[in-house]
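*Asks:* sequence unknown, structure follows:
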DNA sequence: AATAAATGTCAACAAGGCTGACATAAATTT
DNA sequence: AAATTTATGTCAGCCTTGTTGACATTTATT
């Protein structure tokens, strides 16, 4: 049993998400806000339904978090042009700035960890992650352009 | 910015922890119980203080979860021999059985993901994880014998 | 004998999951 | 044109698992 992978996965993720916590708290936000900010920054113009699929939470849970981000001016919603029922999500300038601040420590941590690996290390790690994702969601990873280095 | 690492890390961890959720729910347990069960199985006889350091939660949060595991016969507490203030934690037979059930799907997922990697793949992934952990906690990883393959 | 450490416990609170029910506007189907 | 479905939002209430603060007990250490 790959107990070592399980344990190290836990510690690595714990410290990865922990990076942003102190900064988030200052804004009155939590990890849920950070996740939304990440995806809205990654793919601006994403409809709400896509975000629900990604986060695998209910629309009520998302609504609470999204509302706070919109009310505080970090995220904007625009009516879709082809389908006017959709609310497309965009980070505002303020939202992008906050995301970059939140990402700064995570970025350093990731880059430092990758720097200790052999040349093909990053590719190997990314391929491992993709392999851990439910096969039916791997197309989503491609659509989000998260697999371009593979 | 290594946006791809951040995103894939999220998806991989989401599906990794999701594996056990349905099974846990049947027992009336959650992810917090699973984490305790993991560490108690990994290093039987661990004192409460170590578990608090590892999980980075308050003793009150841990107490609630631990209480339920003890009351339902999944974990036992024994008084420490050298220091009688300590309550050393052990999984019962029932606790080990539950942990193995919970781990079965995670194990398959991990092994399948590793199987897609080049020969040194597992080592590379483990080294990445260690690199993501706070330097001050790396000694803990050694003491837990999570770094023996490195 | 006094203090410190390891653990437990009570109470109250918050974030962020959940379910169920219902509402609205826009697109699609009949 | 009417009926239905889809995308989204909202209200209300519940649960798990985090939090803080205060205090108690037992055992070690000074």
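*Replies:* Yep, that arrived. Since the structure is predicted, the reported quantities are computational estimates derived from the model, not experimental observations.
*Asks:* can you give the distance of the helix ranked longest in chain A from its chain's centre?
*Replies:* Ranked by residue count under DSSP state H, the longest helix found in chain A is helix A:3-27. From the chain centre to the centre of helix A:3-27 is a distance of 13 Å (Cα atoms, centre = their mean, to the nearest Å).
*Asks:* angle of that helix against helix B:3-27?
*Replies:* Relative orientation of helix A:3-27 versus helix B:3-27 (axes from the mean of the first three to the mean of the last three Cα atoms, to 10 degrees): 100 degrees.
*Asks:* quick one: the nearest residue to residue A:73 once chain neighbours are set aside from DNA strand D, how far?
*Replies:* Excluding its sequence neighbours, the residue lying closest to residue A:73 (Cβ to Cβ, 6 or more residues apart in numbering or on different chains) is residue A:94, at 5.4 Å. C-beta here means a position set from N, CA and C on the backbone, and glycine is covered the same way. Distance of residue A:94 to DNA strand D, given as Cβ to the nearest atom of the strand, to the nearest Å: 19 Å.
*Asks:* ok and the helix or strand residue A:94 falls within relative to helix A:3-27, angle-wise?
*Replies:* Residue A:94 belongs to helix A:93-115 when elements are defined using DSSP states H and E. Comparing the axes of helix A:93-115 and helix A:3-27 via the same axes, to 10 degrees yields an angle of 150 degrees.
*Asks:* identify the residues contacting helix A:93-115?
*Replies:* Here helix A:93-115 makes contact (Cβ atoms under 8 Å, 6 or more residues apart in numbering or on different chains) with A:15-16, A:19-20, A:23-24, A:27, A:34, A:37-38, A:40-41, A:69, A:73-75, A:91, A:121-122, A:125, B:1-2, B:5-6, B:128-132.
*Asks:* buried subset of these?
*Replies:* Those of those that meet the buried threshold are A:15-16, A:19-20, A:24, A:27, A:34, A:37-38, A:40-41, A:69, A:74-75, A:91, A:121-122, A:125, B:2, B:5-6, B:128-132, by 16 or more other Cβ atoms under 10 Å in any protein chain shown.
*Asks:* got the phi and psi for residue A:28?
*Replies:* Per-residue torsions, residue A:28: phi 80, psi 20 (degrees, to the nearest 10).
*Asks:* contacts only, for it.
*Replies:* residue A:68.
*Asks:* and residue A:54, how many neighbours?
*Replies:* 22 (other Cβ atoms under 10 Å in any protein chain shown).
*Asks:* per-residue pLDDT, the residue nearest to residue A:73?
*Replies:* With respect to pLDDT, residue A:94 has a value of 97.
*Asks:* from residue A:70, how far off is it?
*Replies:* Distance, residue A:94 to residue A:70, using Cβ to Cβ, to the nearest Å: 11 Å.
*Asks:* what of residue A:99?
*Replies:* 15 Å.
*Asks:* who's more crowded, the two?
*Replies:* Neighbour totals were compared for residue A:99 and residue A:70, and residue A:99 leads with 21 against 16 (other Cβ under 10 Å).
*Asks:* what residues does chain A put near DNA strand D?
*Replies:* Counting by Cβ under 7 Å from any atom of the strand, chain A comes close to DNA strand D at A:47-49, A:52, A:59-60, A:63, A:66-67, A:77, A:80, A:83, A:85-87.
*Asks:* what residues does chain A put near DNA strand C?
*Replies:* Contacts of chain A with DNA strand C, taken as Cβ under 7 Å from any atom of the strand, map to A:28-33, A:55-58, A:60-62, A:64-65, A:83-85.
*Asks:* OK, now which residue of chain A is nearest to DNA strand D?
*Replies:* Closest residue of chain A to DNA strand D, Cβ to the nearest atom of the strand: residue A:49 (2.8 Å).
*Asks:* surely residue A:88 is within a strand?
*Replies:* Yes - the assignment for residue A:88 (DSSP: H, G, I helix; E, B strand; the rest coil) places it in a strand.
*Asks:* my guess is it meets residue A:77, correct?
*Replies:* Yes - Residue A:88 lies in contact with residue A:77 (Cβ atoms under 8 Å); the separation is 6.9 Å.
*Asks:* give me the more crowded residue out of those two.
*Replies:* A side-by-side neighbour count of residue A:88 and residue A:77, using other Cβ under 10 Å, places residue A:88 first with 18 against 14.
*Asks:* quick one: contacts for that one?
*Replies:* A:45, A:46, A:47, A:77, A:78, A:79, A:80.
*Asks:* again, 6 Å this time
*Replies:* Counting by Cβ atoms under 6 Å, 6 or more residues apart in numbering or on different chains, residue A:88 makes contact with A:45, A:47, A:78, A:80.
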